[in-house]
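A.B. asks: What shape does this take:
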Amino acid sequence: MIASEVSDGVDGYVARRYGQVSAVGKILDPMADSLYRISVFSAFVANQWMPVWMFLIMAWREIAMSYLRIVAEQKIGTMAARSSGKVKAFFQGATQLLVVFAYASMGPTLSPDLGLAVWLALLVSTVLSAGSLIDYILVIIRGLRAGSN
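C.D. replies: So this is what the prediction gives:
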């Protein structure tokens, strides 16, 4: 998990640093990141480390974003990553590490304090996922309105 998060950051840095950013990369890189994170969160649900409703909100956001990026590409141009998406991604990555380390160190039963910390981290990641989706939807709406003027 650490290697995946670090390699994603390095990949983005190298692409921007050497001018290797492309329209296809702006679509495929976030899709790959989404598949990775949703795979990890689905394992959390399978192990009962995460409520299903949180997973569904996060998964729905990622699926919706795939379609929104395609719509944006066709109607207003390539939509670059926004700070709301980057913050969401950071918190999701940190949350995944926290959850894995918590269960790896404590076993199947977390102490009440650690259990609360894990739940709160998952809740923040869920809220940030929903907020990020709303942010992207608003950007697309603004772009569509600007294009019709």
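A.B. asks: does the residue nearest in space to the middle of the chain sit in a helix or strand, and which one?
C.D. replies: In the chain, the residue lying closest to the centroid (CA atoms, centre = their mean) is Ala89, at 4.2 Å. Element membership of Ala89 [criterion: DSSP states H and E] is helix 83-106.
A.B. asks: buried set for that helix?
C.D. replies: Neighbour-count burial for helix 83-106, counted by 16 or more other CB atoms under 10 Å, picks out 84-85, 88-89, 91-93, 95-96, 98-100, 102-103. Quick note: C-beta positions are derived from backbone N, CA and C, even for glycine.
A.B. asks: Which positions within the longest helix along the chain qualify as buried?
C.D. replies: Longest helix in the chain by number of residues (criterion: DSSP state H): helix 112-148. Buried positions in helix 112-148, judged by neighbour count with 16+ other CB under 10 Å: 114, 118-119, 121-122, 125-126, 128-129, 132-133, 135-136, 139-140, 143.
A.B. asks: what does stretch 40-58 give?
C.D. replies: Buried, per 16+ other CB under 10 Å, within stretch 40-58: Val40, Phe41, Phe44, Val45, Trp49, Met50, Met54, Phe55, Ile57, Met58.
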